[in-house]
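Q: sequence first, predicted model second:
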There are 2 protein chains.
Amino acid sequence: MTRINAAHSDQTDPLRHFRERFDLPDGVVYLDGNSLGALPKTVKARVARTISDEWGEQLIRSWNTAGWVHLPQKVGGKIARLIGAQEGTVVSADSTSINLFKVLSAALSLNPGRTGIVSERENFPTDLYIAQGVAKQIGQGHQLALAEKPADIPAMLTDDVAVLMLTHVNYRTGYRHDMTAITKAAHDRGILVIWDLAHSAGAMAIDLAGADADFAIGCGYKYLNGGPGAPAFLYVNPRHHGGFRQPLSGWFGHRAPFAFEPSYAPSGGIEHYLCGTPSVLGMVAMDEALTLWDEVDMDALRAKSVALCDFFIQEVEGFADEFGLTLVTPRNPEQRGSQVSYSCENGYAIMQALIARGVIGDFRAPDIIRFGFTPLYLSFAEVAEAVAILREILTTRAWDAPEYKVRGAVT
Amino acid sequence: MTRINAAHSDQTDPLRHFRERFDLPDGVVYLDGNSLGALPKTVKARVARTISDEWGEQLIRSWNTAGWVHLPQKVGGKIARLIGAQEGTVVSADSTSINLFKVLSAALSLNPGRTGIVSERENFPTDLYIAQGVAKQIGQGHQLALAEKPADIPAMLTDDVAVLMLTHVNYRTGYRHDMTAITKAAHDRGILVIWDLAHSAGAMAIDLAGADADFAIGCGYKYLNGGPGAPAFLYVNPRHHGGFRQPLSGWFGHRAPFAFEPSYAPSGGIEHYLCGTPSVLGMVAMDEALTLWDEVDMDALRAKSVALCDFFIQEVEGFADEFGLTLVTPRNPEQRGSQVSYSCENGYAIMQALIARGVIGDFRAPDIIRFGFTPLYLSFAEVAEAVAILREILTTRAWDAPEYKVRGAVT
């Protein structure tokens, strides 16, 4: 890595004008956009209009006149470009967990006779929980096998495996899988692949179609800035559209939801993966948050993300050993997302002390402090400031105070 | 029925001051609160604060500091009083369809060896679709049997039936089941009962605990006024809490969501029925909409609902036969909810003509015009006005115009 100069990098940053599109509090360096993205400035007014004009004035008519009924497809269409999906293959709906339930159920039904589901022990836990729930409900002896580390995965892709289910970028370590190579290796053994894009959608360009992925799911409230608990999304390769294959068969997935027929008849398109009535307020916020992405050059986004992470790693390197911080994120940008994590003793208290000083990252059990780098609203100067505060907290042991050891419901 | 005088009824209406708590457009008589409830005035400011202060300023910290993480239980607790549920038995989450998937899966697992699911052909279609989806995924030969009319249900409660699944008030006809009697009849045959409260929660007092119901689900965006696509809710009788029985086993249902354990271990309480990250914007709107219910006397609410419906039926009776309107809602208030429906030829066009004149009800295929009566914001004078406009449209055949025959995506 060449040495990065913060001031010069900020001056030449082609994305620097995006910062003014977000509301961010003074005195905060926000390194947690990988947990909850910051607020795009136009969202508040858009949601207010939806509440007062569409809901309050137009009332029920807005399902047609304001296009509420098509929001899942409209929002999905905006996400499609960011993840390299074909037209008509993405919808926004429900939560990431529920969308995984849909696509994993579909994938298993498409690969009958095979009972293996392969994932990683380090995958985000809800993905593993959902796989356990699906396997238990199907009751056909499906077994979830967990790789201990990424290198173990290829050997686990045997002929009894139905589905490989991975998160593209690991939530704790920031490790990124090679989507194209792994998908191909799985397909070579007749295995369908589901990618969870929670920590990569909006952090880098993704090419689902190019990688020939079967299914993908992802989160609206991280790098896409859709707001707390924003609707999630899902992608289904066109070759898997149609058929009665996903069990959350609610009326919005019916070919004619307002015909009120007593039997389910699935839409032939991606709408088949919708279930109940869309969450309009959440989806309008998401739709608004996605508008600014039309202007984002995804190559520039990735280049800045890599540079921000490199800069942070370089600067922390000077004192990491002294204070027992072990980098758990790959140094090779090809193997990571847009976050940098360290394992360390007293990580929880250190992160609380950082937050008290305005440097907001987060802690992930048992011992990871995690810093997310969102290229749209972070500057190199802020990264330098975060490093300086981290160093000071470690040097002065400011973290070693009772108030930094009290745990909230959400860590 | 005694003759109702609109002016006198409005003067003596104990709920009349609730009208000013809602934003309703001028020139509209809103008889569709059973499809999308009107906007409570305080919702817009509350959501705006959540967006700018909690999301924009406090960012990720709001999961703890603003209590986002406990919204499902908080909102559920407010709904509990309205439906006669014990403390800690209701959560708000996901959509009605998805919540039915959870509780139906749970109910079937609690009644192993029985393969029957009984419902009605006239149940809201998504409930039937979900039952079909659950049965297909479980793959143990569960069969959905549909009663043609309510009177057929008792004879269908045989010893091979696992679950009876009914909507308390029918969405088309407004027919209301006797929850206590039917639940008892089902329990006498070892059958578990799920009640869908979509068209009764917020329309009348409900007593789930008194009826000893096993499970219930319901909608946030109808009589509860939670906003378009508001989070739904579910109730689980305390005797069915605990155990690994619901397949949508996402992290918010885990006993320790932020311990990030690789195996699912369910919460012992109602949280077990949560799945993914709560939809904060929708849930905050719902929470705010529910605040005014603390002041509502549910007996007064029901009395006004009955009187509004009686008044409408009486007034329409004078010309219904002449124009081929057949009342499909029971005249006996004990057998109905808070809506009045007629079957009629050209129902779609008649409803469009009504809407064009500011009387907003809705149409349900194939031939039902439906009028919902929301006691919190409707006056008897408005009902009289709606009747007068309906009569005029029928007398002048104003509905017989091309523009009233064009169908929207949502009818």
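A: Received, thanks. Residues are numbered from 1 along each chain as shown, chains lettered A, B, ... in the order given.
Q: near chain B, which residues of the stretch 201-350 of chain A?
A: A:221, A:227-232, A:244, A:246-251, A:253-254, A:258-264, A:275-283, A:285 (C-beta under 8 Å from any C-beta of the partner chain). C-beta: built from backbone N, CA, C; applies to glycine.
Q: excluding covalently adjacent residues, which one is nearest to the residue nearest to the spatial centre of chain A?
A: For chain A, the residue nearest the mean C-alpha position is A:A198 (1.7 Å; C-alpha atoms, centre = their mean). Using C-beta to C-beta, 6 or more residues apart in numbering or on different chains and skipping residues adjacent in sequence, the residue nearest A:A198 is A:C219, 4.1 Å away.
Q: residue in the stretch 251-400 of chain A nearest to chain B?
A: Taking C-beta to the nearest C-beta, chain B has its nearest neighbour within the stretch 251-400 of chain A at A:G276, 2.6 Å off.
Q: mind checking the SS state of that residue?
A: Classification of A:G276 using DSSP: H, G, I helix; E, B strand; the rest coil returns coil.
Q: hmm, back to that, so the residue nearest to the centre of chain A sits in a helix?
A: No: A:A198 is assigned coil when assessed by three-state DSSP, not a helix.
Q: can you give me the strands in the stretch 201-350 of chain A?
A: Taking DSSP state E, counting those that start in this stretch, the strands of the stretch 201-350 of chain A run over residues A:215-218, A:233-236, A:326-327, A:339-343.
Q: surely the residue nearest to A:A198 and A:A201 touch.
A: Yes: between A:C219 and A:A201 there is a contact under C-beta atoms under 8 Å: 7.2 Å.
Q: list the helices and strands the helix or strand that A:A353 is a member of packs on?
A: Using DSSP states H and E, A:A353 sits within helix A:347-356. Applying 3 or more C-beta pairs under 8 Å, 6 or more residues apart in numbering or on different chains; DSSP states H and E, one finds that helix A:347-356 contacts strand A:362-364, strand A:368-372, helix A:380-396.
Q: chain neighbours aside, what residue packs nearest to A:F18?
A: Counting by C-beta to C-beta, 6+ apart, A:L376 is the residue found nearest to A:F18 once chain neighbours are left out, at 4.4 Å.
Q: please report the distance of the residue of the stretch 251-400 of chain A closest to chain B from B:W251.
A: 20 Å (C-beta to C-beta, to the nearest Å).
Q: also A:D23?
A: For A:D23, the distance to B:W251 (C-beta to C-beta) stands at 29 Å.
Q: any chance of the strands of the stretch 201-350 of chain A in a markdown table, with mean pLDDT and mean neighbour count too?
A: Below are those laid out as a markdown table (pLDDT from 0 to 100; neighbours: other C-beta atoms under 10 Å in any protein chain shown):
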| stretch | mean pLDDT | mean neighbour count |
| --- | --- | --- |
| strand A:215-218 | 98 | 29 |
| strand A:233-236 | 98 | 30 |
| strand A:326-327 | 98 | 14 |
| strand A:339-343 | 98 | 25 |
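Q: quick one, which of those gets closest to B:N170.
A: strand A:233-236 (32.9 Å; C-beta to C-beta).
Q: now do that closest one: which elements does it pack against?
A: Identification of packing neighbours for strand A:233-236 by 3+ C-beta pairs under 8 Å, 6+ apart yields helix A:71-83, strand A:90-92, helix A:96-110, strand A:215-218.
Q: change it to 10 Å
A: For strand A:233-236, the elements it packs on are helix A:71-83, strand A:90-92, helix A:96-110, strand A:192-196, strand A:215-218, judged by 3 or more C-beta pairs under 10 Å, 6 or more residues apart in numbering or on different chains; DSSP states H and E.
Q: correct me if wrong: A:G276 contacts B:A93.
A: No: at 11.3 Å, A:G276 and B:A93 do not qualify as touching, with contact defined as C-beta atoms under 10 Å.
Q: and chain A, what are its domains?
A: Following automatic domain parsing, one finds the domains of chain A at A:6-30+A:297-404, A:46-295.
Q: make TSV from the ones you listed and add distance to B:F371 to it.
A: Below are the domains of chain A laid out as TSV (distance: least, C-beta to C-beta, whole Å):
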stretch	distance to B:F371
domain A:6-30+A:297-404	44
domain A:46-295	13
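Q: need the winner for burial among those domains.
A: Using mean count of other C-beta atoms under 10 Å in any protein chain shown, the stretch among those with the largest mean neighbour count is domain A:46-295, at a mean of 22.
Q: distance across that domain, terminal residue to terminal residue?
A: Terminal residues of domain A:46-295 lie 19 Å apart, using C-alpha to C-alpha, to the nearest Å.
Q: could you do stretch A:142-160 as well?
A: Span of stretch A:142-160 from end to end, C-alpha to C-alpha: 10 Å.
Q: also stretch A:22-34?
A: Start-to-end, stretch A:22-34 (C-alpha to C-alpha) is 15 Å.
Q: tell me the spacing between A:Q73 and chain B.
A: 11 Å (C-beta to the nearest C-beta, to the nearest Å).
Q: list the contacts of the closest residue to that residue other than its chain neighbours.
A: Of all residues not flanking A:Q73 in the chain, A:V91 sits nearest, at 5.9 Å (C-beta to C-beta, 6+ apart). By C-beta atoms under 10 Å, 6 or more residues apart in numbering or on different chains, A:V91 lies in contact with A:71-77, A:79-80, A:99, A:231-236, A:252-253, A:269-274, A:278.
Q: what's the pLDDT at A:F260?
A: If you check A:F260, the pLDDT there is 89.
Q: was I right to think it contacts B:R370?
A: No: using C-beta under 10 Å, A:F260 is not in contact with B:R370, being 11.9 Å away.
Q: shared neighbours of those two, which are they?
A: Shared contacts of A:F260 and B:R370, defined by C-beta under 10 Å, 6+ apart, are found at B:Y171, B:R172, B:R364.
Q: bridged to the last one, which residues?
A: The partner list for B:R364 in beta bridges (DSSP bridges) reads B:I368.
Q: right, and it touches B:T173 too?
A: Yes: between B:R364 and B:T173 there is a contact under C-beta under 10 Å: 9.4 Å.
Q: what touches both of those two?
A: Each of B:S341, B:S343, B:R370 lies in contact with both B:R364 and B:T173 under the rule C-beta under 10 Å, 6+ apart.
Q: for the residues you listed, which one is nearest chain A?
A: B:R370 (11.3 Å).
Q: could I get the longest helix seen in chain A in CSV with only the CA atoms?
A: Ranked by residue count under DSSP state H, the longest helix found in chain A is helix A:298-320. Extracted in CSV, the C-alpha atoms of helix A:298-320 (Å, rounded to 0.1, in the frame of the first residue of the first chain):
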residue,chain,number,x,y,z
MET,A,298,-19.8,2.4,-8.7
ASP,A,299,-16.1,2.1,-9.7
ALA,A,300,-15.3,5.4,-8.0
LEU,A,301,-17.3,4.2,-4.9
ARG,A,302,-15.3,1.0,-4.7
ALA,A,303,-12.0,2.9,-5.2
LYS,A,304,-12.8,5.3,-2.4
SER,A,305,-13.9,2.4,-0.1
VAL,A,306,-10.6,0.6,-0.6
ALA,A,307,-8.6,3.8,0.0
LEU,A,308,-10.6,4.7,3.2
CYS,A,309,-10.0,1.2,4.6
ASP,A,310,-6.4,1.1,3.5
PHE,A,311,-5.8,4.5,5.2
PHE,A,312,-7.4,3.4,8.4
ILE,A,313,-5.4,0.1,8.5
GLN,A,314,-2.1,2.0,7.8
GLU,A,315,-2.7,4.5,10.5
VAL,A,316,-3.8,2.0,13.2
GLU,A,317,-0.8,-0.2,12.3
GLY,A,318,1.5,2.2,14.2
PHE,A,319,0.0,1.3,17.6
ALA,A,320,-2.1,-1.9,17.1
